[in-house]
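1. structure of the sequence below:
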Amino acid sequence: MNLASATPSRRAAVSAGVLATSLLCLLPLAPTASAHGTVIAPQTRNYGCLQRWGYNEPNEAQDPMCYRTYHENANAIGAWKAVYANNTGDNYKQVIPDGQICSAGGQGETNYRPLDRPGPWITTPIGDNFTVDLYDEARHGADWLEVYVTKQGFNPEYQLIGWDDLELVKRTGRYRYQAHYVTDVSTSGYSGRHVVVTVWKASHMDQKYFLCSDVTFG
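-> Residues are numbered from 1 along each chain as shown. As a prediction, this is how the structure comes out:
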């Protein structure tokens, strides 16, 4: 289009459209529009980063693992509710490799591999009896939740998590379509730093979420 020959109103409309497009390019990274869910208590690794820092750069000295995650792939924090793998069937432990449990085997809506990294993740203090609260923004429903805890002696600051490092401490029944799936968990014999891994089987399709929460038993 030749703007010089266009009417004043047409030139104004075109200029406004160009300005709007330019402004969109300047917007900061926004969260994914997809609606799924995660464990909000005890907080998962990326949800904890989001709660402490929002979509801003984390402080490296205060929160080194969130800082590293942010710089490796900020979307691993922004897309906090989509750490899932599709079509894994009943043998999901054979589909999701050791060392990639916290990233759902590298599937999901972005690259979640930074969440697999061992290190000094900030922990949530819990006792032998604790509650898992899974927030389902999409109301997918749950066929079941499985809650695992890393074995005593496993060191999540230095070791990648494999399936043999986990002990199943709770398996639930079905939950109807709702916002929160809450289950009480009773354990014994754990102390110090651990990772609670919650596997959520959504009801709307063969979709499983792999959600890692760093905790300190004490």
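2. so Glu59: helix, strand or coil?
-> Let me fix one detail, which is that residue 59 is Asn and not Glu. With DSSP: H, G, I helix; E, B strand; the rest coil as the basis, Asn59 sits in coil.
3. where's it relative to Thr124, distance?
-> Relative to Thr124, Asn59 is positioned 19 Å away (Cβ to Cβ, to the nearest Å). Bear in mind the C-beta positions are built from the backbone N, C-alpha and C, glycine included.
4. where does this protein dip in pLDDT?
-> Applying pLDDT under 70 to the chain picks out residues 1-35.
5. spatially nearest residue to Glu60 (excluding sequence neighbours)?
-> Nearest residue to Glu60, sequence neighbours excluded (Cβ to Cβ, 6 or more residues apart in numbering): Tyr67, at 4.2 Å.
6. my guess is that neighbour is in a strand, correct?
-> No. Following the definition three-state DSSP, Tyr67 is helix and is not counted among the residues of a strand.
7. for it, what are its contacts?
-> Listed by Cβ atoms under 8 Å, 6 or more residues apart in numbering, the contact partners of Tyr67 are Glu57, Pro58, Asn59, Glu60.
8. still on that earlier bit, of Asn59 and Thr124, which one has the most company?
-> Regarding Asn59 and Thr124, a neighbour count based on other Cβ atoms under 10 Å identifies Thr124 as having more, with 15 against 12.
9. how is the protein divided into domains?
-> Under the assignment named as automatic domain parsing, the residue ranges that make up the domains of the chain are 1-30, 36-217.
10. quote the end-to-end distance of the longest one.
-> Counting by Cα to Cα, to the nearest Å, the length from the leading to the trailing residue of domain 36-217 is 29 Å.
11. that older thread, nearest to Val95, of the contacts of Tyr67?
-> Checking the contacts of Tyr67 against Val95 by Cβ to Cβ gives Pro58 as the nearest, at 31.3 Å.
12. quick check: the closest one touching Gln51?
-> No. Because the distance of 11.2 Å does not satisfy Cβ atoms under 8 Å, Pro58 is recorded as not touching Gln51.
13. so these two - more neighbours on which side?
-> Neighbours per residue (other Cβ under 10 Å) separate Pro58 from Gln51, with Pro58 holding more: 20 against 11.
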